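Asks: next one to model:
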Amino acid sequence: MMDDPILTAVAAALATGAAAEVTAGGKAAFTALVRLVRRKAAEQPATGNALDAAQREPLDGQRIAELRAALTTATLNDQVFAAELHRLWAEVRAARTADDHSRASNTISGPVRGPAVQARDIHGGVHFGPGG
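Replies: Numbers count the residues shown, from 1 in each chain. Down below sits the predicted model:
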């Protein structure tokens, strides 16, 4: 049986497609994961309905929870599906980790006079107000 945090992550990734933005190996694993769940959805309409609803409304927490519940039921009823889902998710996660070679190390030592930002990735501007 898979634990809820993994199923929640899988459900969110399936709904948003967020895990697809990884390396080629990760993208292949994510595509295989989607296909696996689609095959299960063909057997279990409730899973398909939950997946479709979550993909239509990927920011709706209730839709993600419904998809997670459907995945939980599917994994409890089909150990082969559970093992394959777990294996593919591990590949997706490994690819995301392997693709991230950067590390952030933020240190401020001593007194700071004025604004300071500690961050790894910033997309867009950082503003501290007039003249900042």
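
Asks: pLDDT below threshold where in this structure?
Replies: Low-confidence segments of the chain, defined by pLDDT under 70: 1-4, 19-25, 96-107, 109-110, 120-121, 123, 131-132.

Asks: as a check, name the ranges of all helices in it.
Replies: 4-16, 24-43, 45-56, 61-77, 79-99 (DSSP state H).

Asks: from the contact counts, what lies against the first one?
Replies: Helix 4-16 is packed against helix 24-43, helix 45-56, helix 61-77, helix 79-99, with contacts defined by 3 or more C-beta pairs under 8 Å, 6 or more residues apart in numbering; DSSP states H and E. Heads up, the C-betas are built off the backbone N, CA and C, glycines and all.

Asks: now the helices of the chain in JSON lines, with distance to residue 122?
Replies: Listed next are the helices of the chain as JSON lines, based on distance: least, C-beta to C-beta, whole Å:
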{"stretch": "helix 4-16", "distance to residue 122": "22"}
{"stretch": "helix 24-43", "distance to residue 122": "24"}
{"stretch": "helix 45-56", "distance to residue 122": "30"}
{"stretch": "helix 61-77", "distance to residue 122": "27"}
{"stretch": "helix 79-99", "distance to residue 122": "19"}
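
Asks: quick one on the thing from earlier: figure out which of the helices and strands packed on helix 4-16 is closest to residue 130.
Replies: Between residue 130 and the helices and strands packed on helix 4-16, the shortest gap by C-beta to C-beta is with helix 61-77, which sits at 37.9 Å.
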